[in-house]
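*Asks:* Could you look at this predicted model? Sequence included:
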Amino acid sequence: MIGVQNVTKYYGQVCALDGVSFTVKSGEIVGLLGPNGSGKTTLMRILTGFFPATEGSVHVAGLDVATSSLEVRNRLGYLPENVVLYPDMSVRAFLHFCARVKIDGAVQRRTNVERVLSECALEPMAHRQMGTLSKGYRQRVGLAQALLGNPEVLILDEPTVGLDPNQVIDIRELIKGLGGKATILLSSHILHEVELMCERVVIIDKGRILAEDTTDRLSERIQGAANVRVRASGPPTDILNALRALKAVDQVIEHDAESDGPEGAVFTVRSSNHDIAREIAQTIIHNGWALHELRPVTLDLEALFVRLTREERKEAA
Amino acid sequence: MFVNFWAVLNKELRSYFLSPFIYLISAVFLLLSGYYFYSDLVFYVQFGFGMNIMENFWQLMFTDLRLVIMLTVPFLTMRLFAEEKRLGTIELLLTYPMRDTDLFWGKFAACAIATLFMLSFTLIYPVLMFFLQPFDWTLVLPGYVGLVMLALSFIACGLFISSLTDNTVVAGLGSLGALLFFWILSWNDGATQFGLISTIASVSMVTHFQSFARGLIDSKEITFFLLFIIFFSFLTLRSLEARHWKGRR
């Protein structure tokens, strides 16, 4: 449904995208994950025909975005990043304007506007001027206009940014509910969020794709090595040596003295064995030291990027 | 086909007429043109009463209205593209299934309607004048045709400048400067005889308006204004398209 082939984009001398290729199948929800400035928005703007790629080609619904821009835009709903809307226009008037451009037939227009108002829980705000809306509601108006006319393809740039936790859950449910009906590409810089909404993730950094996989396999890959945080009191060097002596342990990092609380020293243990926590507990108790804390540390996005770039370098070497 | 044009026109008209701005501009416009009417009338009564009303009153009046339109149109055009760019809504509009031309002409038509709305209030002057001293209406009509053509060419120019920036103040000041420059070029023929400046002076819409003020509809001048409008709309559409060229190697 969406095909990106070898897309490169330059802004002057700055390379924003460098040979990006991936596909999104019909009805799939794919997350584009990357830190700020990684090229997510640039890629989405190319997909929506806002501007073309410097090199490479982009297809949406089997149509080339560069040559059949209008037909593509007819099939597409787009939520741009930082939706700022006409401040002196009411929500309903704005959606009617969008519907006039996107949908044929007055009756369809009206039913579509009412449908998206209710889907995005905007009915109580329909008469309000958009300038008076909170960020969360503006985001929902942005989403509502993207959903007008049931587009085959939805491109959502950071759909849940700026929403409060309850709203995030609502929007997430809404997007998940659209899966199967529409093909969705959404971007985010929050790993957890992409995991919750998407079947597949494309990880992008500095304009290049680092990884592309299903969320399950990706988390497996991330958790291929478990990190465990240990806090124990006892002679720090002895503890360190004991932990290093464990069979499945790859690496033990002892934290600075300042981070040591009154209750012992802090270590991070990296291992490929998921059961390492039990072994650590046994070792510490067996030695007669006190164990204050033992918990798995989940990798955050930053750590994931470090991991992925390292893997890439290894492959290259 | 025209659906999108109407959608844009409708949106822009709402945004003009539902905000107090257009009424404020109209008030200033009418204050200035009202004073001109009064002062031209005083001049006519004192120096030219009973003599040629075209030469001694209407020609002055239209020339003065020309200046007032020049001073107010930039305020109507300045936000049309600059604000869409500043808000970021231009990104939405340009990714909708809509041609750039629909967007441009929708905005152009809305601004033309707003200007005509403002200008329509000045029709009270010929009506008042007619009661004071009846005159031949067909001589005043060309003046209004000229004002409309002039206003449309100002709008085309202002829209182009608005499409270059995301700052409404820059857009307004830029258009005002451009229009005033075209006007100043008509002051001293001696200064505009040479080189590039003579070329610019020859396309000054201000000088091309003069025959209308004298009560003539010259098809050559109508053609000039149409070409002027087409030229600037072409430039504006290229400026909207510029996002496609940037970053191309």
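*Replies:* Cool, the structure landed.
*Asks:* List the residues that contact the residue of chain B found nearest chain A.
*Replies:* In chain B, no residue comes nearer to chain A than B:A7, which is 3.8 Å away by Cβ to the nearest Cβ. (Glycine included, C-beta is placed from N, CA and C.) Each residue near B:A7 by Cβ atoms under 8 Å, 6 or more residues apart in numbering or on different chains is listed here: A:F97, A:R100, A:V101, B:M98, B:G106.
*Asks:* hang on, it is in a strand, isn't it?
*Replies:* No - per DSSP: H, G, I helix; E, B strand; the rest coil, B:A7 lies outside any strand segment and is helix.
*Asks:* Chain B contacts on the stretch 51-200 of chain A?
*Replies:* A:51-52, A:54-55, A:70-71, A:73-74, A:76, A:78, A:80, A:82-89, A:93, A:97-98, A:100-102, A:104, A:145 (Cβ under 8 Å from any Cβ of the partner chain).
*Asks:* Of the residues you listed, select the buried ones using a PyMOL command.
*Replies:* With 16 or more other Cβ atoms under 10 Å in any protein chain shown as the criterion, this PyMOL line picks the buried residues out of these:
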select buried, chain A and resi 51+52+54+55+71+73+74+76+78+80+82+83+84+85+86+89+93+97+98+100+101+102+145
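*Asks:* mind listing which of the residues of the stretch 51-200 of chain A next to chain B are in strands?
*Replies:* Of the positions in those, A:E55, A:L76, A:Y78 sit in strands, assigned by DSSP state E.
*Asks:* rewinding a little: what's the closest of the contacts of B:A7 to A:A126?
*Replies:* Nearest to A:A126 among those, counting by Cβ to Cβ, is A:F97 at 13.7 Å.
*Asks:* and the spatially closest residue to the closest one that is not a sequence neighbour, how many neighbours?
*Replies:* In space, and not counting its chain neighbours, A:F97 is closest to B:K11: 4.7 Å by Cβ to Cβ, 6 or more residues apart in numbering or on different chains. For B:K11, the neighbour count with other Cβ atoms under 10 Å in any protein chain shown is 23.
*Asks:* I'd guess B:K11 is in a helix, am I close?
*Replies:* Yes - when three-state DSSP is applied, B:K11 is found to be in a helix.
*Asks:* Spatially central, which residue of the chain would that be?
*Replies:* Looking at chain A here, since you left the chain open. Centroid check for chain A by Cα atoms, centre = their mean gives A:S188 as the closest residue, at 3.0 Å.
*Asks:* hm, I was asking about chain B
*Replies:* Ranked by distance to the mean C-alpha position of chain B (Cα atoms, centre = their mean), the top residue is B:A151 at 2.3 Å.
*Asks:* wait, doesn't it sit right on B:A112?
*Replies:* Yes - the pair B:A151 and B:A112 qualifies as a contact (Cβ atoms under 8 Å) at a distance of 7.4 Å.
*Asks:* A:G27 should be in a strand, yeah?
*Replies:* No - assessed with three-state DSSP, A:G27 is coil; it does not lie in a strand.
*Asks:* I'd say it and A:T183 touch.
*Replies:* Yes - A:G27 is in contact with A:T183 according to Cβ under 8 Å; the separation is 6.0 Å.
*Asks:* if you count what's nearby, which of these two comes out ahead?
*Replies:* A:T183 (25 against 15).
*Asks:* that older thread, among the contacts of B:A7, which are located in helices?
*Replies:* Among those, DSSP state H puts A:F97, A:R100, A:V101, B:G106 in helices.
*Asks:* ok so, going back, next, show the common contact partners of A:G27 and A:T183.
*Replies:* Common neighbours of A:G27 and A:T183 (criterion: Cβ under 8 Å, 6+ apart): A:M1.
*Asks:* List the buried residues of the host helix or strand of A:A277.
*Replies:* Using DSSP states H and E, A:A277 falls within helix A:276-286. By 16+ other Cβ under 10 Å, the buried positions in helix A:276-286 come out as A:I276, A:A277, A:E279, A:I280, A:T283, A:I284.
*Asks:* For that helix, C-alpha coordinates in CSV please.
*Replies:* C-alpha atoms of helix A:276-286 as CSV (Å, rounded to 0.1, in the frame of the first residue of the first chain):
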residue,chain,number,x,y,z
ILE,A,276,20.1,-14.1,35.8
ALA,A,277,18.2,-12.4,38.6
ARG,A,278,17.7,-15.6,40.5
GLU,A,279,21.4,-16.4,40.3
ILE,A,280,22.4,-13.0,41.4
ALA,A,281,20.0,-13.2,44.4
GLN,A,282,21.4,-16.6,45.4
THR,A,283,25.0,-15.5,45.1
ILE,A,284,24.5,-12.4,47.2
ILE,A,285,22.5,-14.2,49.9
HIS,A,286,24.9,-17.1,49.9
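*Asks:* now for that helix, which elements pack on it?
*Replies:* Packing partners of helix A:276-286 (3 or more Cβ pairs under 8 Å, 6 or more residues apart in numbering or on different chains; DSSP states H and E): strand A:226-233, helix A:236-245, strand A:290-297.
*Asks:* possible to save those as JSON lines with mean neighbour count, distance to A:C15 and mean pLDDT?
*Replies:* Below are those laid out as JSON lines (neighbours: other Cβ atoms under 10 Å in any protein chain shown; distance: least, Cβ to Cβ, whole Å; pLDDT from 0 to 100):
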{"stretch": "strand A:226-233", "mean neighbour count": "20", "distance to A:C15": "33", "mean pLDDT": "82"}
{"stretch": "helix A:236-245", "mean neighbour count": "15", "distance to A:C15": "43", "mean pLDDT": "86"}
{"stretch": "strand A:290-297", "mean neighbour count": "14", "distance to A:C15": "34", "mean pLDDT": "84"}
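*Asks:* need the contact list for the residue of the stretch 201-317 of chain A found nearest chain B.
*Replies:* In the stretch 201-317 of chain A, no residue comes nearer to chain B than A:G207, which is 12.5 Å away by Cβ to the nearest Cβ. Going by Cβ under 8 Å, 6+ apart, A:G207 touches A:K9, A:C15, A:A16, A:L17, A:D18, A:V20, A:S38, A:G39, A:T42.
*Asks:* near chain B, from the residues you listed?
*Replies:* Applying Cβ under 8 Å from any Cβ to the contacts of A:G207, those adjacent to chain B are A:K9.
*Asks:* From the contacts of A:G207, which shows the smallest pLDDT?
*Replies:* Lowest pLDDT of those: A:S38, 85.
*Asks:* Might one say that that residue is in contact with A:I204?
*Replies:* Yes - taking Cβ under 8 Å as the definition, A:S38 is a contact partner of A:I204 at 5.1 Å.
*Asks:* Around the closest residue to B:N167 other than its chain neighbours, how many other residues sit close by?
*Replies:* Distances taken as Cβ to Cβ, 6+ apart place B:A82 nearest to B:N167, at 6.0 Å, with adjacent residues excluded. Neighbour count of B:A82, defined by other Cβ under 10 Å: 24.
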